[in-house]
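1. here you go, sequence then predicted model.
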Amino acid sequence: MTEHSGVRKHVVFVTWKAGTGPAFEAAKRLGHEVTLIRSLRMEASQHIDFDTSPYGEFVDTVHVLPDATEFGPLRECVLGLHRRRPVDGFVATVDALVVPVARVAEELGIPFTSAHGARSAKQKDRCRQILADAGVDTTRHSVVGGFEEAAAFAAGTGYPVVLKPARGSASEGAHVVPDEAALRELFGRVESGRSPYEAGVLIEEYLTGTFVSAEIGLSHGRFLRLAVSERKTWHRHEALEVGTTIPAAIDEAAYERVMEFAEAVIGAMDLRLGVFHVEIMLGADGRPRLIELNPRLMGSCLPNLFRLAGGGDLFDLLVRVHLDEEVETGGISFTRYATVRWFGAADAVPRPAAPPPLDWTAEYGDSLHALTVKFPDGDVLPPCRGNLGNFGEVQVVHADHATSISIAEEIVARAAAELGIEVTK
């Protein structure tokens, strides 16, 4: 990656997540002034506490909003910051914040992901239509008003079908529906216009193949290919992702097809600048199809997996891209495979009195990078059907692809056995 300019700039982060806290340190290491706009609602949903975060020391100024997704208060806060010390760049790594930040950045003339591109990316039916019109992806889809319209769509595509909120994140409200009976039962609980389907109910054809994601940047009109990651879903609820391995175990030809497709998607959506996470199904015929476009950095602990696998510091790159600097990756060559497995309760169960002792984890040596088990408040562990429902996470790194995965899955199984409950895995 290229050296920074040495000029002290003003970087404004709009909210944060535990996995992206190191970006504050990266910005400070690059010599910049760091401002954070906190969003208390977002922090509560992520179960994080800034006051106890080790990354707080790298933030110069903190502003607190009840909910930074509310455009008016966010705009007023940013305009006040900009008057006192002009903003040179924004960083937003939470889905719900990318669009409002893009709108403010556009108003101030500060480089950022395009507002219309980000808005279209998060409105999933609009994203599908733009890609179809551009000839990039023609996955069949429809926004439906109820069971009859959904059943008519499924009659044309065949089952299973995928039902999800037309706008949303973290797999909340997403379902793979195997047959008409299940579709009818689901619509007894799904209502367009109500959470999480405020923007409508989207139904799509079911895609099969190898589930991967392209991690890719865009700076000064040049794409920065970072990694292809492989994804794992839970067999009982396919819409729920339970893990990732970086890099994916695919050959060079498949890597090229995935990256070329991701570049075509980002170009068609006119996103212009940023680091993006593009979820893709690579079919048995080698054809990539879009699962979901996220106009932000890959989430959770995945930037750390990237580092563990030998890819380097993504946060350094993230800050430089959003300061509109010329960036070079210098060629990324992974030396290991880094795997994460997340887990939550498969079904509603009483909340255990305490996490398992986990004294056996030392036997995995350096392969086990991290294992956390943290139960949410309440007397019952709710069934995990979205990414926010996980209570456990294990990170493993190993020189062998299969071994990296098998160790992570063995640790999850042992933790579940100690708890005496079935978990998502």
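-> Done, it's in. Numbers count the residues shown, from 1 in each chain.

2. in the chain, which helix is the longest?
-> The longest helix of the chain (DSSP state H) is helix 401-419.

3. got the buried residues for that one?
-> Neighbour-count burial for helix 401-419 flags 401, 404-405, 407-409, 411-412, 415-416, 419 (criterion: 16 or more other C-beta atoms under 10 Å). In short, each C-beta sits where N, CA and C put it, glycine included.

4. equivalent analysis for stretch 280-295, please.
-> For stretch 280-295, by 16+ other C-beta under 10 Å, it's 280-282, 288-295.

5. Ala227: what's its closest spatial neighbour, skipping adjacent residues?
-> Spatial nearest neighbour of Ala227, excluding adjacent residues (C-beta to C-beta, 6 or more residues apart in numbering): Glu215 at 4.6 Å.

6. part of a strand, is that neighbour?
-> Yes. Membership of Glu215 in a strand is supported by DSSP: H, G, I helix; E, B strand; the rest coil.

7. got a pLDDT number for it?
-> Looking at Glu215, its pLDDT is 98.

8. cool, and the one 4 residues further on?
-> Here the pLDDT value assigned to Ser219 is 95.

9. which ones are touching it?
-> 273, 320-321, 324-327 (C-beta atoms under 8 Å, 6 or more residues apart in numbering).

10. ok, the residues you listed vs Asn387, which is closest?
-> Proximity of these to Asn387, judged by C-beta to C-beta, is greatest for Val321, which lies at 24.6 Å.

11. got a pLDDT number for the closest one?
-> For Val321, pLDDT reads 97.

12. and it, how many neighbours?
-> 23 (other C-beta atoms under 10 Å).

13. check which helix or strand it maps to.
-> helix 314-322 (DSSP states H and E).

14. and that helix, what's buried?
-> Buried-residue list, helix 314-322, by 16+ other C-beta under 10 Å: 314-322.

15. same deal with stretch 86-96?
-> 87-96.

16. hmm, back to that, can you say which of the contacts of Ser219 are buried?
-> 273, 320-321, 324-325, 327.

17. export those to a markdown table and tack on distance to Val228?
-> Formatted as a markdown table, the buried ones among the contacts of Ser219 follow (distance: C-beta to C-beta, whole Å):
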| residue | distance to Val228 |
| --- | --- |
| Leu273 | 21 |
| Arg320 | 22 |
| Val321 | 19 |
| Asp324 | 26 |
| Glu325 | 25 |
| Val327 | 19 |
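
18. can you pull the pLDDT of Phe211?
-> pLDDT, Phe211: 97.

19. give me the neighbour count for it.
-> Phe211 has 20 neighbours, counted by other C-beta under 10 Å.

20. how about the secondary structure of it?
-> Secondary structure of Phe211, per three-state DSSP, is strand.

21. skip the chain neighbours and tell me the closest residue to it.
-> Per C-beta to C-beta, 6+ apart, closest to Phe211 is Arg231, 4.4 Å.

22. by mean pLDDT, flag the weakest helix or strand of this protein.
-> helix 40-46 (a mean of 89; mean pLDDT, DSSP states H and E).

23. next structured bit after that helix?
-> For helix 40-46, the succeeding helix or strand toward the C-terminus, using DSSP H and E, is strand 61-65.

24. sheet partners, orientation included, of that following strand?
-> Taking DSSP bridges as the criterion, strand 61-65 forms sheet pairs with strand 33-39 (parallel).

25. just the element for the residue nearest to Phe211, please.
-> strand 222-234.

26. check which helices and strands that strand sits against.
-> strand 210-219, strand 237-246, helix 252-268, strand 274-282, helix 302-308, helix 314-322 (3 or more C-beta pairs under 8 Å, 6 or more residues apart in numbering; DSSP states H and E).

27. partners of that strand, with directions?
-> Sheet partners assigned to strand 222-234 using DSSP bridges are listed as strand 210-219 (antiparallel), strand 237-246 (antiparallel).

28. mind putting the ones you listed into JSON lines with distance to Gly365?
-> Formatted as JSON lines, the strands paired with strand 222-234 follow (distance: least, C-beta to C-beta, whole Å):
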{"stretch": "strand 210-219", "distance to Gly365": "28"}
{"stretch": "strand 237-246", "distance to Gly365": "19"}
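
29. and the ones you listed: which comes nearest Leu202?
-> Using C-beta to C-beta, the nearest of those to Leu202 is strand 237-246, at 12.3 Å.

30. quick one, that closest one and helix 401-419 angle?
-> 130 degrees (axes from the mean of the first three to the mean of the last three C-alpha atoms, to 10 degrees).

31. ok, the closest residue to Met42 other than its chain neighbours to Ala354 distance?
-> Counting by C-beta to C-beta, 6+ apart, the nearest residue to Met42 once its immediate chain neighbours are dropped is Thr15, at 4.8 Å. With distances taken as C-beta to C-beta, to the nearest Å, Thr15 is found 31 Å from Ala354.

32. so the two - more neighbours on which side?
-> When Thr15 and Ala354 are compared for neighbours, Thr15 comes out ahead with 28 against 9, by other C-beta under 10 Å.

33. quick one: the more buried one from Ser39, how far?
-> Distance of Thr15 to Ser39, computed by C-beta to C-beta: 4 Å.

34. and if you look at Ser120?
-> Distance of Ser120 to Ser39, computed by C-beta to C-beta: 23 Å.

35. could you do Asp400 as well?
-> Computed as C-beta to C-beta, the Asp400 to Ser39 distance reads 41 Å.

36. more crowded one of the two?
-> Of the pair Asp400 and Ser39, Ser39 is the one with more neighbours under other C-beta under 10 Å, namely 25 against 12.

37. regarding the residue nearest to that one when sequence neighbours are not counted, what is its secondary structure?
-> Leaving out its chain neighbours, the residue that sits closest to Ser39 by C-beta to C-beta, 6+ apart is Ala68, at 3.6 Å. Here Ala68 is coil, with the state taken from three-state DSSP.
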